[in-house]
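> Give the three-dimensional model of this entry:
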Amino acid sequence: MIKITEEILKSVEAFKDNLESYNEGKIENFKSFSSIMGIYKERLMDTYMIRPRIPGGCVTLEQLKAISEIAKKYGGNQIRFTTRQDIQFHSIKIDNLSIVLEELIKVGLTTKAAGGDGIRNVACSPLAGVAMDEVFDVTPYMKAVANYMMEDPKNLKLPRKYKIAFSNSVEDTVNATITDIGFIAKIVDGKRGFEVYGGGGLGGSPRVGIKIEDFIDHKDALYYVQAMKQIFEREGDRTNRHKARLRFVLQRLGEENFKEMFKNELSKVRVEKDLTLIGC
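Below is the predicted model of the structure:
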């Protein structure tokens, strides 16, 4: 699902080097290098949580077998499924952290950006591709966006997390309307496309996103993802983490100004980049 690039392989090696320095007392803050790799110390225990990225909740049988073996060997024989369709290992000893990352890479899984201030797991409807009532299968769009957003190192240094979702029907089974940018499958005049929402989210001051577009061509989804990300990157609050989500940018600007800013950003992205999704 996620392409294991040279940069992803380097991130594993960098984590191993930082972990060694941490164990030697050369780095004091474990979270400073672990969170972006989806690794967090568990409270009140000398163990750690590791979160592999599972884009859209899609995983192969080989990967599931590897996940099971890792859980049995290193994680107290338990895994947890997250609300954004990832998987979490718990109770991992510090000496086994690097080993788990290496075992995951062998089956095409990575933890990079599964935590920290970056592009979080791209979600899609859990029955995408098989639901009887779906408008069309949104899985290919989720895959394309997930891999594209992993390419730019700047996407790992945002004000806070950035969440994207694709729904395969008007039932919105992935809650696309309450995420940073969400797409709901739609067909108009026989053409595939999406209804687009932005600026939604849960947590502090939760809100439903506003409708950005009633209908866009399905091949243009990545332009919208990139434009919204650039607004968040520039306008997000980097001084107050409690106000650092995209929905607070919308709250500060108001709906009309937010839409106007997005429209201008989208025009700029269209000029600067060719992000048309081919093969979707």
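> contacting residues around residue 136?
168, 185, 187, 192, 218 (Cβ atoms under 8 Å, 6 or more residues apart in numbering). Placement of C-beta: from N, CA and C, glycine included.
> if I read this right, the fourth one contacts residue 218, doesn't it?
Which is residue 192. Yes. Residue 192 sits in contact with residue 218 when judged by Cβ atoms under 8 Å, with a separation of 4.1 Å.
> These two - which one has more neighbours?
Between residue 192 and residue 218, counted using other Cβ atoms under 10 Å, the more crowded position is residue 218 (20 against 16).
> Was I right to think the more buried one contacts residue 188?
No. Taking contacts as Cβ under 8 Å, residue 218 lies outside contact range of residue 188: 10.7 Å.
> Tally up the residues packed near residue 64, please.
The number of residues near residue 64, taken as other Cβ under 10 Å, comes to 14.
> Contacts for the strand or helix carrying it, please.
In this structure, residue 64 sits in helix 61-74 according to DSSP states H and E. Identification of contacts with helix 61-74 by Cβ under 8 Å, 6+ apart yields 52, 59, 77-79, 87, 89, 92-93, 96, 99-100, 103-104, 106-109.
> Count the neighbours of residue 266 for me.
Residue 266, neighbours per other Cβ under 10 Å, totals 21.
> Doesn't it belong to a helix?
Yes. Residue 266 sits within a helix when classified using DSSP: H, G, I helix; E, B strand; the rest coil.
> For it, which residues are in contact?
223, 224, 227.
> Which ones among those residues map onto helices?
223, 224, 227 (DSSP state H).
> pretty sure the first one contacts residue 275?
Translated: residue 223. Yes. Using Cβ under 8 Å, residue 223 makes contact with residue 275 at a distance of 5.0 Å.
> all strands for the stretch 101-250 of the chain, in order.
123-124, 164-167, 181-188, 191-198, 210-217 (DSSP state E, counting those that start in this stretch).
> Pick the most buried one from these.
strand 123-124 (a mean of 30; mean count of other Cβ atoms under 10 Å).
> what domains does the record give for the protein?
What automatic domain parsing lists as the domains of the chain is 6-106, 123-272.
> Point out the most buried one among the ones you listed.
Highest mean neighbour count of the domains of the chain: domain 123-272, a mean of 19 (counted as mean count of other Cβ under 10 Å).
> what's the distance between that one and the middle of its chain?
Put simply, domain 123-272 sits 11 Å off its chain's centre (Cα atoms, centre = their mean, to the nearest Å).
> Compute the first-to-last residue distance for it.
Using Cα to Cα, to the nearest Å, the end-to-end distance of domain 123-272 comes to 27 Å.
> Then stretch 196-206?
End-to-end distance of stretch 196-206 (Cα to Cα): 18 Å.
> Stretch 130-139 now?
End-to-end distance of stretch 130-139 (Cα to Cα): 11 Å.
> Name the nearest residue to residue 224, sequence neighbours excluded.
Among residues not flanking residue 224 along the chain, residue 196 sits closest, at 5.7 Å (Cβ to Cβ, 6 or more residues apart in numbering).
> Then residue 185?
Nearest one to residue 185, counting by Cβ to Cβ, 6+ apart, is residue 135 at 3.8 Å.
> ok, now residue 171?
residue 133 (7.2 Å).
> Equivalent analysis for residue 94, please.
Nearest one to residue 94, counting by Cβ to Cβ, 6+ apart, is residue 48 at 6.4 Å.
> I'd say the one you found and residue 97 touch.
Yes. Counting by Cβ under 8 Å, residue 48 touches residue 97, with 6.1 Å between them.
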